[in-house]
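J.: I'll drop the sequence and a predicted model, then ask my questions.
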Amino acid sequence: MSKLNLRERLDDFWVYPKLSNSRHRRSFEDSFFNFVQEPTSNAPLNLYIHVPFCDSACSFCPYYKLGVNKFRDFNAEYLDAVVKEIEMYAATPYFQQHKIASVHFGGGNPFMMSLKDYERLIGTIHKHFKVEINDNWSSEGTINSVKSVDYMKGLLSLGINRVSFGIQTFNEDVRRKTRIKTSIDQIYSGIDKLKTAGMDYCIDMMYNLPDQSIETMISDLEKVTELDPYHIDMYNLAVFPNTKLDKQIKNKKYEISPSQENQLMMFKIGHQWLMDNGYKQIITSTYSRRQQEPHIGDLLYLTNNNVLGIGASSRGYVDGHVYKNVCNLDTYITEVSEGRFPADLAYKSTLAEHHDRKMVFFPITMKIRREDIPDYERFAPKLETVVELGLAEWVEDELRLTEQGLIYSGNISAYLMNETEWTAYIKSFFTSLKEKTNFYNEDYMGINFVPERQLQQANS
C-alpha cells in the first residue's frame, strides 16, 4: 500500500500472501512441488493439520467445515488421506531434514475425533518426522465436545498439553443471534472437565458482535477472567461479504450493528480493562496472566518461518513456496490417494516478497529488532512514516508499536505490503463480491443462497 490509511481500522493480516483462484490456480500434475526433492537445512517447522468436521454452524466462521453427517460418512477415509499426505511430505529429501517445532490441530472441530484418531495422527508424525517439541502440541475444538475427563487425560498422554476453544460471548441473546450452539451450562461443564484433567486451555472472545454493548463486552471479560484461562484471544468480528451475517447486518436486523465506530471503541475499552486487571499483551490479540512470550508456533510463524499445512483447505508456507490445499473433501481424498499433493493454489515468492511477509507480520508481534528487518533500506521510508505518525517508536535498537500503533496494527501491515500484492488483495475482495463467494477461501462457507451445483460442491 502506497499510503498509510487510518480512516478505517483493519484487522491483522494472518495470511500473506493471499492466494486467489484468479492468480494462483495450478494443475495437480504440475511441477510446483518438485522443490521437495532437494535436501535443505534443518530449520524448525510448524505442522498444522485441518480437521474440517464440525457440529456447529456459527454465522461468523469463514473456515472450511463440514457437518456431522459428513463426519460419520467420511471421517475414516479423511484420516487415511491425512496420514498419507503426512507420509508423502515426510518421504521427501526436503522434509527429512526439517525438525517439527510445533503441532496444531485446527478446524472445524478436532474434538469430534476419538482418542484413537488422535493417536493415529500423532503416531504418524512421530514415526515419519524429527520431532523436537516440549510444550507445543495444541488442538482447537468446541467446549461442548469435551467428551470426558478421561478424554482430556488421553490427549495429555498423547502429548497435547494445550487446547483452545471459542466462547465469544456469554450473552445468551448475542449467542443465539450468531448461531453459537454451545450452551452456557456446557461451557462450565466442559471447563470443569479440563481443570480436573489438568489441561491448559485458551479461550477466544469476540467484540463488535451484533447487539453486543460495551456493558455486555465488559461482563464477558469479567466472566472469562473468572475461568482463569491460560490466555485469552480477543478478536474483532470479521464480517465477510456475501455471507448470511453480512446480509443481516446490511438489512439492519440488529439494534446494535457491527461497525467501525463500535470496533474501535470496544478494542480500546477491552484492551484497557485487560491491562488494568493484570493481563499482559503477548501479541496484538492475545492476553495472559501466566504466559510471558508467544508460543513457539506463533513466534515461528510470525517471524517468517515455515508451516506445513496438512488436510483439506490447509495453507502452507515453506521457504517461499506458498500453497493452499483444495477446499473439497472428495477432491482432497482423491488427489492424495493417487499420490499427488492436494494443493489447487500455489505460488513461489521472490526473495523480496519473502521479506515483505516478515514485515507484514511484525505488527502482530508488536516489535522487531533493527537487525531482524530484512532489506532495511527498502523499508526505512515507510517505517519512518509509521514513527512520525506516533504509531511506533525506537527503543534502543528495537522498533515497538505505541498504544496508538496497537490499535492500527492491521493498517501498518497493509502499509508494509508491496503495491502489487495490496492491489491483488483488493481485486480478490471485489472478485468475491461479484461471484458471491466467501472472501476468506473464495468458497461458499456461510453463504445464504448458492446455486444447487455450487452448494453440492461446497458441501462435498
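T.: On my side now, so go ahead. Numbering: from 1, shown residues only.

J.: So for residue 180, what's the nearest residue that isn't a sequence neighbour?
T.: Once flanking residues are discounted, residue 180 sits nearest to residue 58: 5.5 Å by Cβ to Cβ, 6 or more residues apart in numbering. To be clear about C-beta, it is placed using only N, CA and C from the backbone, and glycine gets the same treatment.

J.: Which of the three states applies to that neighbour?
T.: Here residue 58 is recorded as coil under DSSP: H, G, I helix; E, B strand; the rest coil.

J.: quick one: the helices in the stretch 251-400 of the chain?
T.: Under the criterion DSSP state H, counting those that start in this stretch, helices of the stretch 251-400 of the chain are mapped to 260-276, 296-302, 329-337, 351-365, 376-388.

J.: need the contact list for the residue nearest to residue 197 when sequence neighbours are not counted.
T.: By the measure of Cβ to Cβ, 6+ apart, the closest residue to residue 197 outside its immediate chain neighbours is residue 152, 3.5 Å from it. Taking Cβ atoms under 8 Å, 6 or more residues apart in numbering, we find residue 152 in contact with 146, 163, 193-194, 197, 199.

J.: any idea how far residue 152 is from residue 415?
T.: Note on residue 152: its distance to residue 415, by Cβ to Cβ, to the nearest Å, is 43 Å.

J.: now residue 398
T.: For residue 398, the distance to residue 415 - Cβ to Cβ - is 19 Å.

J.: sorry, back to before: which two from the contacts of residue 152 end up farthest apart in space?
T.: 163 and 193 (10.8 Å; Cβ to Cβ).

J.: Output the below-cut-off pLDDT ranges for the stretch 151-300 of the chain.
T.: The model of the stretch 151-300 of the chain has no residue with pLDDT under 70.

J.: now do the stretch 301-450 of the chain
T.: Within the stretch 301-450 of the chain, the segments meeting pLDDT under 70 span 447-450.

J.: do that again at 50, thanks
T.: Along the stretch 301-450 of the chain, the parts satisfying pLDDT under 50 run over 449-450.

J.: Backbone torsions only: list them for residue 204.
T.: With angles defined as degrees, to the nearest 10, residue 204 sits at phi -90, psi 130.

J.: Who are the contact partners of it?
T.: Per Cβ under 8 Å, 6+ apart, neighbours of residue 204: 164-168, 232-233, 235.

J.: cutoff 10 Å now
T.: 140, 164-168, 224, 229, 232-235, 285 (Cβ atoms under 10 Å, 6 or more residues apart in numbering).

J.: Inside helices: which ones of these?
T.: Judged by DSSP state H, helices contain the following of the contacts of residue 204: residue 224.

J.: Format the contacts of residue 204 as TSV; extra columns: distance to residue 26 and neighbour count.
T.: Converted to TSV, the contacts of residue 204 look like this (distance: Cβ to Cβ, whole Å; neighbours: other Cβ atoms under 10 Å):
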residue	distance to residue 26	neighbour count
140	28	21
164	32	20
165	34	25
166	33	21
167	39	22
168	36	24
224	42	21
229	40	24
232	39	23
233	33	18
234	37	25
235	31	18
285	32	20
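
J.: out of the contacts of residue 204, which are inside strands?
T.: 140, 164-168, 232-235 (DSSP state E).

J.: for these, which one is nearest residue 128?
T.: residue 140 (23.0 Å).

J.: I'd say the closest one and residue 165 touch.
T.: Yes - checked against Cβ atoms under 10 Å, the pair residue 140 and residue 165 is within contact range at 6.7 Å.

J.: Name all residues that make contact with the closest residue to residue 305 other than its chain neighbours.
T.: Among residues not flanking residue 305 along the chain, residue 44 sits closest, at 6.3 Å (Cβ to Cβ, 6+ apart). Residue 44 is in contact with 98-102, 132-133, 296-297, 299-300, 305-306, counting by Cβ under 10 Å, 6+ apart.

J.: how much space between residue 293 and residue 14?
T.: Separation of residue 293 from residue 14 (Cβ to Cβ): 18 Å.

J.: circling back to that earlier point, any common contacting residues for residue 140 and residue 165?
T.: 109, 111, 202, 204.

J.: Could you identify the most distant pair in these?
T.: Among those, 109 and 202 lie farthest apart (Cβ to Cβ), at 15.5 Å.

J.: Compare residue 398 and residue 415 (neighbour count), which wins?
T.: Using other Cβ atoms under 10 Å, the more surrounded residue of residue 398 and residue 415 is residue 415, with 25 against 13.

J.: Tabulate the contacts of residue 152 (JSON lines), appending secondary structure.
T.: Putting the contacts of residue 152 into JSON lines (three-state DSSP) gives the following:
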{"residue": "146", "secondary structure": "coil"}
{"residue": "163", "secondary structure": "strand"}
{"residue": "193", "secondary structure": "helix"}
{"residue": "194", "secondary structure": "helix"}
{"residue": "197", "secondary structure": "helix"}
{"residue": "199", "secondary structure": "coil"}
